[in-house]
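S.K.: Sharing a sequence plus its predicted fold:
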Amino acid sequence: MADSNLFYISLVLLPLILLFLLFLITRPRPIQIPIKKRHIFITGGSSGIGLALAHRAASEGARVSILSRSIDKLEEAKNAIRHSTGIDVAIFAADVRDFEAVQRAVDEAGPIDFLVVNQGVFVAQELEEQKLEEVRFIIDVNLMGSFNMIKAALPGMKRSRKDRGPGSIALMSSQAGQVGIYGYTAYSASKFGLRGLAEALQQEVIGDNIHVSLVFPPDTETPGLTEENKRKPQLTSIIAASSGAMKADEVAKKALDGIKSGSFTIPCNSEGILLAIATAGLSPQRSYLMAFVEVVAAGILRIAALCFQWNWKAFGPWYMLNWRREVEGQVMSHFLLSKNYNVGRSWNLEALGA
Ligand SMILES: NC(=O)C1=CN([C@@H]2O[C@H](COP(=O)(O)OP(=O)(O)OC[C@H]3O[C@@H](n4cnc5c(N)ncnc54)[C@H](OP(=O)(O)O)[C@@H]3O)[C@@H](O)[C@H]2O)C=CC1
Ligand SMILES: CCCCCCCCCCCCCCCC(=O)[C@@H](N)CO
């Protein structure tokens, strides 16, 4: 009797002790970064997620600047935001790959409180098919472009912190920046790169009261996604679909809320929360409640992650049998394809060379 009482007491007590311990050790502490009347500078703000963010920030009373290449798209975005909010945003035409152009835009825009590095290009293709030129383009825009942007904005952001309170640098990653996905060698590499940049940068700028965030959206309905879908390996689409799709405005809302609360990791949907917990690694965590979930769920999610390897079939025996074998005139490329589209269940062993 006494034994079972002890059991039940410790069942409650142990989690409470863990919770209290995590409350003591999680750093940095929670904050709120006010956005009203403050300056938010959004790259890739003329389309998709960036445009939705610009809309939201404007309607929450921020001063908004957007930067991208095409002046026509910028003008269009400016008009759309004026139409729906009555507010004028500042527009800057520059390619993030051109440091001088970016620096000029930043200087002209004035002190930045929130920098959202959101521009991005994505072309899904197997590495073997993809031209190196395209790989370089993706890395240049998504990763080097982000360095250019941050290098140009950081000195001014640091200088103005004393007068203007906490600041934020947010980077738009992707769930493909938490887990490598078939067809995304270049894209995933560029987005994983942002994570290393963000983790290191957070340590360098926390003393200046600048808070770094990484946003991890799933597939999001944007002009960019429509374009990407025109030539996307079927497998890439199938795997991405396991995390569903969101609207640009839903992602913008999650992103802005996360940025304002100084969250380092910002997931956007429920699969994203699982991914964030499974890949928490050594990233900062302000919330002791989330830290608790991370600690408690780590083992179970590792098992789930290992099961995903089977599903994505990268290493199972199905892979050995099916991978790119000519089967009854079709190229059998993937277990997922055979499962979802019901091809190749009855393959011809002769064709497999058995
Ligand atoms: N849509 C999705 O499924 C997902 C998107 N993401 C990420 O979200 C971000 C935004 O994506 P999304 O809204 O879909 O993209 P869109 O293609 O709809 O918009 C991209 C924006 O970036 C700008 N841009 C592109 N290249 C450059 C450049 N070299 N210099 C400056 N600006 C540039 C574009 O304007 P212009 O062409 O005129 O330069 C445009 O404003 C990207 O980083 C993307 O990787 C993450 C997960 C999912
Ligand atoms: C252990 C728990 C696992 C939880 C489920 C994992 C599901 C992973 C799906 C990843 C989807 C990646 C979409 C990238 C979208 C994107 O960035 C492109 N559209 C280009 O913009």
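M.R.: Structure's in. What do you need? Ligands and ions are numbered 1, 2, ... in the order given.
S.K.: which bits of this protein sit near ligand 1?
M.R.: 43-44, 46-50, 68-70, 73, 95-97, 118-122, 141, 145, 172, 174, 217, 219-220, 222-225 (Cβ under 6 Å from any ligand atom). (Each C-beta comes from the backbone N, C-alpha and C, glycine too.)
S.K.: and those near ligand 2, which?
M.R.: When contact is defined as Cβ under 6 Å from any ligand atom, these meet ligand 2 at 122, 174, 219, 225.
S.K.: Buried ones among the residues of the chain next to ligand 1?
M.R.: Buried residues within those, defined by neighbour count using 16 or more other Cβ atoms under 10 Å: 43-44, 46-50, 68-69, 73, 95-96, 118-122, 141, 145, 172, 174, 217, 219-220, 222, 224-225.
S.K.: anything in the helix or strand that contains residue 257 near ligand 2?
M.R.: Element membership for residue 257, per DSSP states H and E: helix 248-260. No: using Cβ under 6 Å from any ligand atom, helix 248-260 never reaches ligand 2; the gap is at least 10.7 Å.
S.K.: Not counting sequence-adjacent ones, nearest residue to the residue of the chain at minimum distance from ligand 2?
M.R.: Ranked by Cβ to the nearest ligand atom, the top residue of the chain for proximity to ligand 2 is residue 174, at 3.2 Å. In this structure, residue 174 finds its nearest non-sequential neighbour in residue 191, 4.9 Å apart by Cβ to Cβ, 6 or more residues apart in numbering.
S.K.: Counting neighbours, what do you get for the one you found?
M.R.: Neighbour count of residue 191, defined by other Cβ atoms under 10 Å: 26.
S.K.: same thing with residue 202?
M.R.: Counted with other Cβ under 10 Å, residue 202 comes out at 19.
S.K.: circling back: how would you label the residue nearest to residue 174: helix, strand or coil?
M.R.: helix (DSSP: H, G, I helix; E, B strand; the rest coil).
S.K.: That one touches residue 180, doesn't it?
M.R.: No: the criterion here is Cβ atoms under 8 Å, and residue 191 misses it with residue 180 at 9.7 Å.
S.K.: got the CA coordinates for the helix or strand where residue 100 lies in PDB?
M.R.: Assigned by DSSP H and E, residue 100 belongs to helix 99-109. The C-alpha trace of helix 99-109 is given here as PDB (Å, rounded to 0.1, in the frame of the first residue of the first chain):
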ATOM      1  CA  PHE A  99      25.800  43.400 -51.600                       C
ATOM      2  CA  GLU A 100      26.200  47.100 -52.700                       C
ATOM      3  CA  ALA A 101      22.600  47.300 -53.900                       C
ATOM      4  CA  VAL A 102      21.400  45.800 -50.600                       C
ATOM      5  CA  GLN A 103      23.500  48.200 -48.600                       C
ATOM      6  CA  ARG A 104      22.100  51.200 -50.500                       C
ATOM      7  CA  ALA A 105      18.500  50.000 -49.800                       C
ATOM      8  CA  VAL A 106      19.200  49.500 -46.100                       C
ATOM      9  CA  ASP A 107      20.800  52.900 -45.800                       C
ATOM     10  CA  GLU A 108      17.900  54.600 -47.500                       C
ATOM     11  CA  ALA A 109      15.300  52.700 -45.500                       C
END
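S.K.: Can you flag which of the residues of the chain next to ligand 1 belong to strands?
M.R.: Counting by DSSP state E, the residues of the chain next to ligand 1 place 43, 68, 172, 219-220 in strands.
S.K.: if I look at the closest residue to ligand 1 within the stretch 201-350 of the chain, how far off is residue 142?
M.R.: Residue nearest to ligand 1 within the stretch 201-350 of the chain (Cβ to the nearest ligand atom): residue 224, separated by 2.4 Å. Residue 224 sits 12 Å away from residue 142, taking Cβ to Cβ, to the nearest Å as the criterion.
S.K.: Mind listing the shared neighbours of the two?
M.R.: Shared contacts of residue 224 and residue 142 (Cβ atoms under 8 Å, 6 or more residues apart in numbering): 120-121.
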